[in-house]
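# Structure here, sequence nowhere to be found:
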């Protein structure tokens, strides 16, 4: 890994990777803007790898996690992990370990990770300012507290601050005035029910974050209590959503600009060869609010008109996007094959070009959009032999938009991420990479290079999610077709599937004058295996032959089990005879390997026959198959004679 060439090699631009969970949260957006501005001041290009979830659930998140495996730390000058955006810390730990192995400088935001420099927010001292403001400045006596998750270090730290400040002011801490809201609304709702049902006088409620504080205000309002006249409320962390809340909260604001500047400065110093410390502290700013009675209502009302206009524009954009997506769904529902799916790219282009002032690419694994095989990969990525590589080394560019123009059918590599890295690295803005997947399998990723100041993030997320659903829907349709076209034992095509998939090969051969090659394969001794060792062993032998044929098949070939122990492979090529010899040699070699390693009491053996023609019409397919069968039976007789 350490020998991998960095993106910045022979370029005058450093390239930085930022890894974060879902990119569309208001706080993530604020940091993205600040971090990109700091990077651009240093002439750094920012590549962001992000999911659309925060990994809170217990469901299969492997396709979402795959986007972070796409990021090769050895290609970047530095890696930054927005650690606090992940609910599952195994992912940041894995990213940091890979960066350390590659020798790439790594920065963790807010939380310690091994082998990373930490940029930490001074939450404890900042939270103490909020608590002291409520208790000491406002002089309240009956104070309730809502912590986050029990056992969470941030939650317990803030609870300890509350207990200490209460003790210093000679105020008793009553345990029934403390609740755990888990940092979000629903548990907070239940805590508030308990507080209100207690009948105790409440002067103030101090919350460990803003989200819980906003829920507290809602519950108090529903209970007929006014904030701040009846009860003071405070939050913490200054999230973006709080800007649209009434009353504005007394809170502490996370200084994203300072955090971004510190992270970029650390990278710059390291890249210049300077020594940097293991930890840097960034402060928060305490801000008085309406919820404690320190600000007047006109502070909130000043920006209400602009907020309303933005909300209306966002609603209209989302409504129009949904209408266009619906038209796309209607088109998808009429598709019959993966090749027909190419026709959708133009529709996707229309939507992407209309709503996103950006470059947009869609990259698909080459085992998904292969020209030689329409069938969706039947093995989920997690079950494949190389489960850690979610993306193939070579990728198909299903769609790309550059400067408003649409192209597809290009090629890219996993290492370069995009088909034109020179162009993307020179462009301003953020290059965002998000995963594309369906039914638990990673199938590709989207890249969007945009100006973070004018991107409609929720529309981008909706667009990407709809692309995922398009493939999900088409996968279900292909699965239904496969039930009628796939031999379930060997996973090869059956006779029906064979003729359906031969249409493209025959049309190409007839139009181009290529030579059609038919290879007929018949397994020897199947009846003896069934009679002697049982049908389970017979099924194993057949499935093994099917596996060998799949692995050995020629490019753009159709491979099928016609029934019983009969198989066929057909392809068209200018050098068909040479390719057929290589295929047959590979089949024979793989059969020998299986016999040497499987430890079975019987040997696999096949008769093979090959025939060629330059087809003029479909009748020639039947003729060449019959000729291949004739030669196959001749080969079987020869094998039997040699044995005798």
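Yep, it's here. Keep in mind that what you see is a predicted model, and the values were worked out from it rather than measured. Residues are numbered from 1 along each chain as shown.

# Averaging pLDDT per element, find the lowest-scoring helix or strand in this protein.
helix 297-301 (a mean of 47; mean pLDDT, DSSP states H and E).

# what about the stretch 301-450 of the chain, any weak spots by pLDDT?
Applying pLDDT under 70 to the stretch 301-450 of the chain flags the ranges 301-357, 367-389, 404, 406, 408-409, 439.

# let's go with 50 and repeat that
For the stretch 301-450 of the chain, the stretches flagged by pLDDT under 50 are 301-305, 309, 335-338, 369-388.

# same question, the stretch 501-644 of the chain
Judged by pLDDT under 50, no stretch of the stretch 501-644 of the chain qualifies at all.

# 70 instead, please
Within the stretch 501-644 of the chain, the stretches with pLDDT under 70 are 644.

# Name the residues that touch stretch 505-519?
The contact list for stretch 505-519, computed with Cβ atoms under 8 Å, 6 or more residues apart in numbering, reads 554, 556-558, 568-574, 576-577, 579-580, 583-584, 608-618, 620-621, 624-625, 627-628. For the C-beta atoms, the positions are set from N, CA and C on the backbone; glycine is no exception.

# can you pull out the strands in the stretch 151-300 of the chain?
Shown for the stretch 151-300 of the chain, the strands assigned by DSSP state E, counting those that start in this stretch span residues 178-180, 204-207, 232-234, 251-254, 279-282, 284-287.

# same for the first one, what does it pack against?
Helices and strands touching strand 178-180, by 3 or more Cβ pairs under 8 Å, 6 or more residues apart in numbering; DSSP states H and E, are strand 143-147, helix 185-197.

# which stretch among the ones you listed comes nearest residue 449?
Closest to residue 449 of these is helix 185-197 (Cβ to Cβ; 35.2 Å).

# Give me the buried positions along the closest one.
Neighbour counts over helix 185-197 (16 or more other Cβ atoms under 10 Å) mark 187, 188, 191, 192, 195 as buried.

# Can you classify residue 642 as helix, strand or coil?
helix (DSSP: H, G, I helix; E, B strand; the rest coil).

# ah, wrong one, I meant residue 113
Residue 113 is classified as coil under three-state DSSP.

# burial of it, as a residue count?
Using other Cβ atoms under 10 Å, the number of residues around residue 113 comes to 21.

# how close does it sit to residue 100?
From residue 113 over to residue 100 the distance is 10 Å, taken as Cβ to Cβ, to the nearest Å.

# Please enumerate the shared neighbours of those two.
residue 106.

# Now do the domain split for the protein, please.
According to automatic domain parsing, the chain comprises the domains 123-254, 310-412+457-484, 495-643.

# And the first one, end to end?
Okay, so that is domain 123-254. 9 Å (Cα to Cα, to the nearest Å).

# chain center to that domain: distance?
Chain-centre distance of domain 123-254: 36 Å, with Cα atoms, centre = their mean, to the nearest Å.

# what mean pLDDT does it have?
Averaged over domain 123-254, pLDDT sits at 94.

# Would you map the strands across the stretch 1-150 of the chain?
14-20, 44-50, 78-81, 105-109, 117-121, 143-147.

# Lowest average confidence across these, which one?
Mean pLDDT is lowest for strand 117-121 out of the strands of the stretch 1-150 of the chain, coming in at a mean of 91.

# List the neighbouring strands of that strand plus their orientation.
strand 105-109 (parallel), strand 279-282 (parallel) (DSSP bridges).

# Show me how far it is from its chain's centre.
26 Å.

# Residue 480: which of the strands of the stretch 1-150 of the chain is closest?
strand 44-50 (33.1 Å).

# packing partners for that closest one?
For strand 44-50, the contact count by 3+ Cβ pairs under 8 Å, 6+ apart identifies strand 14-20, helix 26-41, helix 62-70, strand 430-438 as packing neighbours.

# between the ones you listed, which one is nearest to residue 216?
With Cβ to Cβ, the closest approach to residue 216 among those belongs to helix 26-41: 19.5 Å.

# Quick check: buried residues in that closest one?
Of all the residues in helix 26-41, those buried under the rule 16+ other Cβ under 10 Å are 27-39.

# ok, so of those, who is nearest residue 266?
Closest approach to residue 266 among those (Cβ to Cβ): residue 38, at 10.9 Å.

# What does the pLDDT read for the residue nearest to the closest one when sequence neighbours are not counted?
Residue nearest to residue 38 in three dimensions, not counting chain neighbours: residue 264, with 4.1 Å by Cβ to Cβ, 6 or more residues apart in numbering. Looking at residue 264, its pLDDT stands at 96.
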